[in-house]
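[1] Curious how this folds, go ahead:
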Amino acid sequence: MTPPSLPPGSRREFLARCGGGAGALALATLLADQARAQTNLPNRTLDPLRPLAPHQPHFRPRAKHVIWLYQSGGPPSMDLFDYKPELAKLHGQPVPDSIRNVKDKVGGVFNSSKNELMAGPWKFARHGRSGQWFSELMPHTARHADEICFLKSLHSDSSNHAPATYQMNTGVILGDRPSLGSWLTYGLGSENQNLPGYVVLFQVGGFGGTANWSNGFLPAAFQGTRFRHEGEPVFNLQPPAPFASSQRATLDLIQRFNQSHRDAHPGLPDLDGRIAAYELAYRMQAAALDVGDLRGESTATLDLYGVHHPDKAKALYGRQCLLARRLVERGVRVVQTYQMIDKLGWDGHSDNQEFAERNARQTDQAVAALLTDLKQRGLLAETLVVWAGEFGRTPMMQGKGGRNHNPYGFTGWLAGGGIQGGQSIGATDEIGLRATLDPHPVKDFHATILHALGLHHEDLFFEHNGRPERLTGVAGSASVISRAFA
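    Numbering: from 1, shown residues only. Model prediction:
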């Protein structure tokens, strides 16, 4: 039956056309979801004794490994990479009304800082063919200007260290979710079955402790494993000499008991993880000791990283970065370093100049050395290097020369792993307070990292309490920063 024609421009015609359009949109969404459901099954099938066995990514990856150089405490973007000549002009003056009177949630930063702008004393200059701006605090990193992609409009949801650190590592501020490294090893496994898939290196860990590298609700095998960067990487890795010869037989007996108990009590992922952990610990005994043995490294390499520098903090961080290279070289999927040696990191509330200079001195040479070393060995193309902390700092003075926390606009950067270097994405306002151009929340940052490793962030999920949980949250709420790969 042919429907009766409607008078052009009538209300009924308008509603009919709107209904048809909405129906078409709904159908397209359903078909897309159906297609995705047919190709991506919830919860990867895992071998209980080889949970880190390699998996195929969703699409061709640009990178195979991630090294995250986590900058604890909140580095001051406007003193390092986010050049703000207007801030220098307004040094010592009140915040302009055009910025102060914007009606948004950043009002809290004005309550805890003076109404007085403070520029850093360091000069900026352009570097590389791309002409990217770097502070004189980062002379070594500046040599890699053409390999670095700056993300200058990141923003997060908390101005407190622990919640913001949780969010940067796990996607939420609560500290009870799997970390980025856990998601990556769950999604991809690891190339080396004799080492953990996710290794954490630190003298002092991130604010909030172990929740930052936790497996959360994922199986226990995907939790980050801390390696010490001096001496044996893992305590008590070697058995006492009298028991060494019987160790394998003892472990086999324990595993038979554990497997028998598991067979009688199916559905206990923690038990599977414990069985796998015993096996991994046994296989790690030789592999982990080899990673920490730097005697095979040349004097030139050790000097490049500053491993023997008289500044202990600088030497320790240099060793961390060198171990990170050695770990990815051996097939470890994710390595995360924390630069904090003194429990404060970049958290310069009282004296921003002293904190900025100390942390830049500690990290700059080693970070640049890592990029140089990876490139020389042909590893940079397949290793995504991430530099970021939990938030930035205010352009206003706090106390007698400090800067307060600022989650509303800060800088991180990416290099290697298919990233298009020599560019800056996004921007803060003229004093470096708010992300104003192309702002990106933390979940976009995470989606971009997953994308580099061939994972679609919405297809990487785990059924937990009856719902699909993702690193990037509810479907449709995060976007890949595609310009980073242009």
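
[2] going forward, measure contacts between C-alpha atoms and count neighbours the same way
    Will do.

[3] Span of stretch 57-70 from start to end?
    End-to-end distance of stretch 57-70: 25 Å, with Cα to Cα, to the nearest Å as the criterion.

[4] Return the set of buried residues in it.
    Buried residues in stretch 57-70, counted by 16 or more other Cα atoms under 10 Å: P57, H58, P61, R62, A63, K64, H65, V66, I67, W68, L69, Y70.

[5] correct me, but the second one touches L453?
    No - using Cα atoms under 8 Å, H58 and L453 do not qualify as a contacting pair, with a distance of 9.1 Å.

[6] Following element in sequence after the biggest strand by length in the chain, please.
    Secondary structure of the chain per DSSP state E: the longest strand is strand 148-155. Scanning forward in sequence from strand 148-155 by DSSP states H and E, the next helix or strand is helix 161-170.

[7] gap between that next one and the chain center?
    10 Å (Cα atoms, centre = their mean, to the nearest Å).

[8] Please export the C-alpha coordinates of it as CSV.
    The C-alpha trace of helix 161-170 is given here as CSV (Å, rounded to 0.1, in the frame of the first residue of the first chain):
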residue,chain,number,x,y,z
HIS,A,161,48.6,13.2,44.0
ALA,A,162,47.4,9.7,44.7
PRO,A,163,44.0,10.0,42.9
ALA,A,164,45.6,11.7,40.0
THR,A,165,48.4,9.1,39.8
TYR,A,166,45.9,6.3,39.9
GLN,A,167,44.0,8.0,37.0
MET,A,168,47.1,8.4,34.9
ASN,A,169,48.0,4.7,35.5
THR,A,170,44.6,3.0,35.7
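
[9] ok, and what's touching the longest strand of the chain?
    The contact list for strand 148-155 (Cα atoms under 8 Å, 6 or more residues apart in numbering) reads 82, 391, 407-416, 419-428, 434-442, 445, 484.

[10] could you give the mean pLDDT of that strand?
    On average, the pLDDT along strand 148-155 is 98.

[11] Output it as PDB - backbone C-alpha positions only.
    Extracted C-alpha coordinates of strand 148-155, given in PDB (Å, rounded to 0.1, in the frame of the first residue of the first chain):
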ATOM      1  CA  ILE A 148      59.100  13.800  20.100                       C
ATOM      2  CA  CYS A 149      55.400  14.500  19.800                       C
ATOM      3  CA  PHE A 150      54.200  16.800  22.500                       C
ATOM      4  CA  LEU A 151      50.700  16.600  23.900                       C
ATOM      5  CA  LYS A 152      50.300  20.000  25.400                       C
ATOM      6  CA  SER A 153      46.600  20.000  26.300                       C
ATOM      7  CA  LEU A 154      46.200  17.000  28.600                       C
ATOM      8  CA  HIS A 155      43.900  17.300  31.600                       C
END
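
[12] Show me what it pairs with in its sheet, parallel or antiparallel.
    strand 410-415 (antiparallel), strand 423-425 (parallel), strand 440-441 (parallel) (DSSP bridges).

[13] Give me the distance between the nearest residue to E191 once chain neighbours are set aside and R325.
    In this structure, E191 finds its nearest non-sequential neighbour in G331, 4.8 Å apart by Cα to Cα, 6 or more residues apart in numbering. Distance, G331 to R325, by Cα to Cα: 10 Å.

[14] what are the phi and psi values for P178?
    phi -60, psi 150 (degrees, to the nearest 10).

[15] quick revisit: wouldn't the residue nearest to E191 be in contact with L188 here?
    No - G331 is beyond contact range of L188, at 12.0 Å (criterion: Cα under 8 Å).

[16] Just the strands from the stretch 101-250 of the chain, written as ranges.
    Under the criterion DSSP state E, counting those that start in this stretch, the stretch 101-250 of the chain contains strands at 124-127, 132-135, 148-155, 198-201, 225-227.

[17] repeat for the stretch 251-400 of the chain
    334-338, 383-388, 392-393.

[18] export those strands to JSON lines and tack on mean neighbour count?
    Converted to JSON lines, these look like this (neighbours: other Cα atoms under 10 Å):
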{"stretch": "strand 334-338", "mean neighbour count": "25"}
{"stretch": "strand 383-388", "mean neighbour count": "23"}
{"stretch": "strand 392-393", "mean neighbour count": "31"}
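
[19] list the contacts for the residue lying closest to P48 once chain neighbours are set aside?
    The shortest distance from P48 to any non-neighbouring residue, by Cα to Cα, 6+ apart, is to D272 (5.3 Å). By Cα under 8 Å, 6+ apart, the residues touching D272 are P48, L49, R262.

[20] what do you get if the cut-off is 10 Å, keeping everything else the same?
    D47, P48, L49, R50, P51, P219, A220, A221, N258, Q259, R262, P266 (Cα atoms under 10 Å, 6 or more residues apart in numbering).

[21] what's the answer for N169, then?
    70, 163, 175, 177-182, 206, 211-214, 389-390, 442, 446, 471.

[22] before we move on, back to that, indicate which one of the strands of the stretch 101-250 of the chain is closest to Q320.
    strand 198-201 (6.3 Å; Cα to Cα).

[23] Could you list the paired strands of that closest one along with their orientation?
    Here, using DSSP bridges, strand 198-201 pairs with strand 225-227 (parallel), strand 334-338 (parallel).

[24] quick one on the thing from earlier: where do the contact lists of H58 and L453 overlap?
    G187, L188.

[25] Would you map the helices across the stretch 301-450 of the chain?
    312-329, 352-376, 442-452 (DSSP state H, counting those that start in this stretch).

[26] Compile these into CSV and extend it with columns for distance to E458.
    Below are those laid out as CSV (distance: least, Cα to Cα, whole Å):
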stretch, distance to E458
helix 312-329, 26
helix 352-376, 30
helix 442-452, 9
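
[27] how about the ones you listed, which one is nearest S477?
    helix 442-452 (8.1 Å).

[28] Just the angle for that closest one relative to helix 161-170, thanks.
    Put simply, helix 442-452 runs at 30 degrees to helix 161-170, going by axes from the mean of the first three to the mean of the last three Cα atoms, to 10 degrees.

[29] Pull the contacting residues for L80.
    Taking Cα under 10 Å, 6+ apart, one finds 120, 122-124, 133-138, 356, 360, 411 in contact with L80.

[30] now R325
    Per Cα under 10 Å, 6+ apart, neighbours of R325: 67, 291, 319, 332, 335, 370-371, 373-374, 377, 379-380, 383.

[31] Quick one: buried ones out of the residues you listed?
    Buried among these (16+ other Cα under 10 Å): I67, V291, R319, V332, V335, L370, L371, D373, L374, L379, L380, T383.

[32] now those residues in TSV, with distance to K400 and pLDDT?
    Shown next, in TSV, are those (distance: Cα to Cα, whole Å; pLDDT from 0 to 100):
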residue	distance to K400	pLDDT
I67	36	98
V291	45	81
R319	35	94
V332	45	96
V335	38	98
L370	36	98
L371	36	98
D373	40	98
L374	41	98
L379	45	98
L380	42	98
T383	42	98
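
[33] what are the ranges of the helices in the stretch 151-300 of the chain?
    Under DSSP H, counting those that start in this stretch, the stretch 151-300 of the chain gives helices at 161-170, 180-188, 241-244, 247-264, 269-292, 299-305.
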